[in-house]
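Could you look at this predicted model? Sequence included:
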Amino acid sequence: MALLEVRELTVSYPSRAGAVPAVRGVDLTLDAGGTLGLAGESGCGKSTMAAAVLRLLPQGTRTSGSVLLEGEDVLTMRPGRLRAVRWTEAAIVFQGAMHALNPVRRVGDQIAEAIRLHDKVTDRQAATRVGELLEQVGLPARRAPSYPHELSGGQRQRVMIAMALACSPRLLIADEPTTALDVMVQAQVLTLLEELRRELGLALLLITHDLSVLAANCERIAVMYAGRIVEQGPAARVFEAPAHPYTKALAEAFPTIGDRASRRNPHGLGGDPPDPRELPGGCEFHPRCAVSIAACPTLDVELWPAGDGRRAACVHVRDGNLDLVRQATPVPVGEDAPAQREMAP
Amino acid sequence: MTQPTVEQPVEALPPSLPPQLSPRAIARARRRQAAGRAWREYRRSWEGMIGLGILVVFVAVAVFVPLFIPASELDVTKATGTPFSPPSAEFPLGTDESGRSVLALTLWGARVSLLVGFLATVISVGIGSVVGIVAGHFGRWTDSALMRVTDWFLVIPFLPLAIVLATVLGPSLANIAFVIGITSWPGTARIVRAQALAVTSRPYIERARALGAGDWHLISRHILPNVVPLIFANTVLIVAVAILSETTLAFLGLGDPLRVSWGSMLDAAFTHGAASIGAWWYLVPPGVCILLVVLAFTMVGQALEAVLNPRLRGR
Amino acid sequence: MATAASRSFTLTIGQRRLGAKLIGAVLSLAFVLVFNFFLFRVLPGDPAKNLTRNRLVPAEQVQVLRESFGLDKPLPQQFATYVRDTLSGDLGISYKFRRPVSEVIAERIWPTVLLLGLSTLLSTAIGLWVGIRGAWQRGSVFDRLSLGASLALYAMPEFWLGILLLIAFGVGVGSFPGMFPTGGMSSPDTDMTSWAGVVDVARHLFLPCLTLTLAYIAEYALVMRSSLLDELGEEYLTTARAKGLRDALVLRRHAVPNALLPTTTLIFLNLGFVVSGAITIETVYSWPGLGLLSYEALRTPDYPLLEGVFLLFSAAVILANVLADLLYAYLDPRVRAG
């Protein structure tokens, strides 16, 4: 039995114009100890997915489908059971830890709060555990009485991770854990996550828009666009030989270190992500796609096998024309590659 | 509203280059479009529309009342009713201590209350905007000095200050408006200053300066357009406060003794013992009018703020 | 005070900021003095004539007045005298009461403190609760009703509410008799220190206190609701929920304490209206405090008394603001560290 199994998850936000779908029929699986990366631009629904796993969506959102955590459906759990499951089976690390931590309480207290919620421990025991957790993420235990604003961005992220580990969960969801950090710190945080995963046997769901990060750190990758998975498969294959035009564009948007040509000439992706209230018909990517054909605006896409364990939702995959995708030149974008623009936090 | 045919709606995807128009024409067209959008957004708020409706009614009454109630009804020497008589067919809202029709007083009172409110607001917003823009744009010493003055006015309690000023200056319409205006400009100044600071520090201002733009140009072309919507929403809320202030000052006896306003009605009623007689018909109408007008301004102001700051929508 | 590791004397940023605020407060007070002085003595026209504007006063009396106010001396000397006198507690002689202003004020201070103190306490407690519940259950019946009521209370002149309550419960409407006294602080011939006297004062206090409490509740409820709504959008609350915290505890332990910080600031910034309420309500109910004193002073007009009361009110609010800054710095660790 997989640790996490998402089946046909649909999440819509209420709005004056009707329900706005953020996630539209997503299937995912993650085994114990495995790593899955979820990639996509801002607004594609990946953060919604992350929140949905622990049923942390705001009031008024409508969900359908199921999210099975160790076999139990999170979406239909009773509130008491849900609160018990939160943090003990799965924990989430948010992006931008400046705002994800309570600014007027000490970080040690916030970690201890997590511990005390699920375990009857004395103050002394809680403090000891807090110290252990901080050490585990590479922070000295004496940092426990600090306030969030007294720590650097990287340190705050480590605190978030320490807090997430407080109740020894089996699944760690990291929602854009490195977005607001500079590159050196990014690397440290990612290394830390990988070490922890190995030591503690954690399953890791890593969510980011940076495909190259996922390629280096995950076994499998799923790419989301407009609320749907458009490609998934083994990380290395998806990154090196993407089957879906969107994945290809994403992969090429980030310069490869060491490859001078790619650094000087990053390919961007023209246009903007679609407005969830007014999605294009058929394959939602077709307005920005370099290889779209006449059938695309009306085609019902699904994930077709693309060889090497990959699946992709593109008509060319269905028709076996993978070469078309591989050889596609990206749409010219002008001086500012939009993909780089939307990277800024 | 017809779209200017040369302008592309901003929401269209993907954006295409607009044909060559003078920058000023483009800016104007864009502004008109924005105003139209803002109005449509405003229309969606039912509180905003109700508030607006109430205000229109009151302003209409204030403007047109001389047409259907002659000013002579306010003359104490020509009063025909028995003092303090309850509502009747002849006097739908009863009479005051001199036998005048309370209905006439209330409707005529609207003129003064609204007029003073608007006048005070003009003064307040005028001073506040100028101070805010100057402080925010020029910064440093100017800013510190102006902010010190602003803070002083903010700290000092309004009514004692207003009483002191009004007592010294003497009771008249203009003086009251002046006193209220002079004591309430800091609120506007702060908001405007914050916005002016934000705009002045934007990169395109620096570029404009490098191109040789003087302060006047920067203020009128860049800061002002960004600040005006904010001022507008704030102004509406200030009028509400100004009207309440006029009422309070008039109630305390500092209003213009020659004019009837809602506040002066309450003052007259109270000092002539309407409370002990139980002459509710004299006390209730002016209060209800103030309540409605202030509520209306508040609703309009909040609806405007929601239009300008989408974050606040749905509150 | 603070010491650094070395033997030099350094202040933390927080203490420096506090020092700046204190200096600011002193400057504000100083400016009040200057303002008072110039307003009454350096206006266009003869100040003595202004003083006697509404009454028929023979010319020699005007001259006596002029001399008693020292208006015949040069301006800088007048100012120096004024400052010296004020700082030593001499606020002049009340024109109406013919007694030292400081004496008159001292007599009337405690009723105001009692009335304002009680009203503020009650309205803060109730108002904050209403605001919290309204924000937490945004859109519910409670929220909509309380929002409507708050807006209505906020929009009406508080003295109008006072008069209506006075009629309803003091005078009585129709055949329904009044339950409370219609004015003053106590019935004549009651010994205020006896138990019966205390009850008597309480009965007189009820209506004015009720009016002020209702008027203030609206402000506090609206501010608290607004602050909490802002806070409810913050991410750390999602983190708290994710940890398994019950919603009620998320509110109590995280959202509300954080929302109270800006609320406190906003409330103290609006202290001026607490004072304004006191003036009008004491007038309506003839409550013998500083508010009623202001009213009597402005009707006369008794300038020395007006000056004195204005000075006192301003000083009180300035002091309250300093306390508010101190409190905020104490509560918010981000400010404490500087």
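Yep, that arrived.

contacts, neighbours, all on C-alpha from now
Will do.

who in chain C is up against chain B?
C:28, C:39-40, C:50, C:151-152, C:155-157, C:160, C:163-164, C:166-167, C:171-173, C:269, C:271-273, C:275-276, C:280, C:295, C:298-299, C:301, C:306-307, C:309-310, C:313-314, C:317-318, C:321 (Cα under 8 Å from any Cα of the partner chain).

Identify those among these that sit within helices.
Under the assignment DSSP state H, the residues of chain C next to chain B contribute C:28, C:39-40, C:50, C:151-152, C:155, C:160, C:163-164, C:269, C:271-273, C:275-276, C:280, C:295, C:298-299, C:306-307, C:309-310, C:313-314, C:317-318, C:321 to helices.

Weed out the non-buried ones from the residues you listed.
Listed as buried from these are C:28, C:39-40, C:50, C:151-152, C:155, C:160, C:163-164, C:269, C:271-273, C:275-276, C:280, C:295, C:298, C:306-307, C:309-310, C:313-314, C:317-318, C:321; burial here means 16 or more other Cα atoms under 10 Å in any protein chain shown.

so where's chain A shaky on pLDDT?
A:96-98, A:254-268, A:270, A:327-345 (pLDDT under 70).

and the longest helix along it, what does it pack onto?
Assignment by DSSP H gives helix A:183-200 as the longest helix of chain A. Contact analysis of helix A:183-200 by 3 or more Cα pairs under 8 Å, 6 or more residues apart in numbering or on different chains; DSSP states H and E lists helix A:153-164 as its packing neighbours.

Show me what the helix it packs on packs onto, helices and strands only.
By 3+ Cα pairs under 8 Å, 6+ apart, helix A:153-164 packs against strand A:90-93, helix A:97-100, helix A:107-118, helix A:123-136, helix A:183-200.

can you pull the contacts of the residue of the stretch 151-300 of chain A at minimum distance from chain C?
Of all residues in the stretch 151-300 of chain A, A:Ala164 sits closest to chain C, at 8.3 Å by Cα to the nearest Cα. The contact partners of A:Ala164, by Cα atoms under 8 Å, 6 or more residues apart in numbering or on different chains, come to A:87, A:91-93, A:172.

Show me the two of those residues that sit farthest apart.
Greatest spacing in those, by Cα to Cα: A:Trp87 and A:Val93 (10.5 Å).

quick one: low-confidence ranges for the stretch 1-150 of chain C?
Across the stretch 1-150 of chain C (using pLDDT under 70), the flagged ranges come out as C:1-11, C:14, C:41-57, C:62, C:65-72.

ok, back up a step: could you check the angle the longest helix of chain A makes with helix A:123-136?
Orientation of helix A:183-200 against helix A:123-136 (axes from the mean of the first three to the mean of the last three Cα atoms, to 10 degrees) gives an angle of 120 degrees.

Once you drop chain neighbours, what's closest to the residue nearest the centre of chain C?
Among the residues of chain C, the one closest to the centroid is C:Val275, at 3.1 Å (Cα atoms, centre = their mean). Excluding the flanking residues, the one nearest C:Val275 by Cα to Cα, 6 or more residues apart in numbering or on different chains is B:Pro157, at 6.8 Å.

Can you give me every residue that contacts the one you found?
Residues near B:Pro157 by Cα under 8 Å, 6+ apart: C:271-273, C:275-276, C:313-314, C:317.

And the residue in the stretch 201-338 of chain C that chain B sits nearest to, how far from C:Met156?
Here the stretch 201-338 of chain C gets closest to chain B at one residue, C:Gly272, 3.8 Å apart by Cα to the nearest Cα. Relative to C:Met156, C:Gly272 is positioned 17 Å away (Cα to Cα, to the nearest Å).

How about the backbone phi and psi for A:Ser15?
Backbone torsions of A:Ser15, given as degrees, to the nearest 10, read phi -150, psi 170.

ok, and what's touching stretch C:105-122?
Outside stretch C:105-122, the residues that reach it (Cα under 8 Å, 6+ apart) are C:205, C:208-210, C:212-213, C:216, C:274, C:278, C:287-291, C:293, C:308-309.

Which positions in the stretch 101-250 of chain C make contact with chain A?
C:234-239, C:241-246.

switch the cut-off to 6 Å
Contact residues, the stretch 101-250 of chain C versus chain A (Cα under 6 Å from any Cα of the partner chain): C:235-236, C:242-244.

One more: the stretch 51-200 of chain B?
Residues of the stretch 51-200 of chain B lying near chain A (Cα under 6 Å from any Cα): none found.

In the stretch 51-200 of chain B, what residue comes closest to chain A?
In the stretch 51-200 of chain B, the residue that lies nearest chain A is B:Ala198 (20.1 Å; Cα to the nearest Cα).

give me the element that residue is part of.
In this assignment (DSSP states H and E), B:Ala198 forms part of helix B:173-200.

A:Pro21 too?
Assigned by DSSP H and E, A:Pro21 falls in strand A:20-30.

Just the CA trace of stretch B:256-276, in CSV.
Backbone C-alpha positions of stretch B:256-276 (Å, rounded to 0.1, in the frame of the first residue of the first chain) are rendered in CSV as follows:
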residue,chain,number,x,y,z
ASP,B,256,-23.6,79.9,14.0
PRO,B,257,-26.5,81.4,16.1
LEU,B,258,-28.2,82.8,13.0
ARG,B,259,-28.5,79.5,11.2
VAL,B,260,-30.3,76.3,11.9
SER,B,261,-28.4,73.1,11.7
TRP,B,262,-29.1,69.7,13.0
GLY,B,263,-26.7,70.2,15.8
SER,B,264,-28.1,73.6,16.7
MET,B,265,-31.6,72.0,16.8
LEU,B,266,-30.4,69.5,19.3
ASP,B,267,-28.8,72.3,21.3
ALA,B,268,-32.0,74.4,21.3
ALA,B,269,-34.1,71.4,22.2
PHE,B,270,-31.9,70.3,25.0
THR,B,271,-31.4,73.7,26.6
HIS,B,272,-35.1,74.5,26.4
GLY,B,273,-35.8,71.3,28.3
ALA,B,274,-37.2,69.2,25.5
ALA,B,275,-35.8,66.2,27.3
SER,B,276,-37.7,66.7,30.5
